[in-house]
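[1] below: sequence and its predicted model.
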Amino acid sequence: MLFRPTIAIAATLAALFSPPVLREAGDAAVARGVPGSFAGIYDFHLGGVWGGELMLEARLSEGRYRAEAAGRTAGVVSLVWNAGFAAATDGGLAEAGLMPERYEADAYTARRSQKVAVRFADGVPREVSAEPPFEPRPWAIEPAEQVGTADPLSAVLAVLALQRADALCERTVEVFDGRRRYSLTLGAPVADQGMMRCTTIYRRIAGFKPRQMERPEWPLELWFAPDAGGLWHLRRAMGEMTFGMAALNLREQ
């Protein structure tokens, strides 16, 4: 999946991907009376320069959820880093949280494209398909051994969806994207500029190239703000990438 660790910033990452504004499905106007349906757009900046956008729409109803996300680089940034993705996930809603069932992602860079699909059952990735197929690697991991993980999009919904103030941070989510396992750990919330800031660690666990594991942890900062109904959403995110400092900002609606 592309935009890693930008997905975590949204990530994706990942996806890169959090539900910032409660909306009625298919309607551009904010809809406070339709809980469980939300959508939003984040502007992506790299080194202070606008470089693209990330979009998310999610629907939760009758014990089910489905989310779709897309992102792309644009402007000057796309001249040196042309990349984009589209992803979707669906599953069930349980007392323990989101239970993903199927995740699909289609990502590209200037050099290659990759499609991935992961089927989950009982909190375990049961089947992974890829086009083109993944090449065998010494560091590859077995999907069925990644118990207790979620796909990137479900993980971001679980962490960054509209939350009560006492449920914002201090949590860890384990993620499996079809090939790699990583985690997002949010620390204690701190009041900052009228928002709540949570220092977050994106941690590579397994399935990564050895050179990527030379630096397994990347710190991120997430800022949350409340909506009119008192629920908190991701307003801003910032973290270091290979290309420089990256930021996501909720676009004014």
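    Okay, I see it. Numbers count the residues shown, from 1 in each chain.

[2] which residues touch M238?
    Residues counted as contacts of M238 (Cβ atoms under 8 Å, 6 or more residues apart in numbering) are 9, 220-221, 245-248. Every residue, glycine included, has its C-beta placed from N, CA and C.

[3] following the host helix or strand of A107, which helix or strand shows up next?
    With secondary structure defined by DSSP states H and E, A107 is part of strand 97-109. For strand 97-109, the following helix or strand on the C-terminal side (DSSP H and E) is strand 113-121.

[4] ok, and what's touching that next one?
    1, 91, 99-108, 125-132, 143, 150-151, 176-179.

[5] I41 contacts R72, doesn't it?
    No - between I41 and R72 there is no contact under Cβ atoms under 8 Å: 11.9 Å.

[6] which one's more surrounded, those two?
    Shown here are I41 and R72; by other Cβ atoms under 10 Å, R72 has more neighbours (19 against 16).

[7] any idea what the nearest residue to that one once chain neighbours are set aside is bridged to?
    Closest residue to R72 apart from its sequence neighbours, by Cβ to Cβ, 6 or more residues apart in numbering: G84 at 3.6 Å. As for beta bridges, G84 partners with R72, Y108 under DSSP bridges.

[8] burial count for G84?
    18.

[9] report the contact partners of it.
    2, 52, 70-73, 107-108.

[10] and T172, how far from T200?
    10 Å (Cβ to Cβ, to the nearest Å).

[11] quick check: neighbours shared by these two?
    Common neighbours of T172 and T200, using Cβ under 8 Å, 6+ apart, are 184-186.

[12] most surrounded residue in the residues you listed?
    Top of the shared contacts of T172 and T200 by neighbour count (other Cβ under 10 Å): L184, with 28 neighbours.
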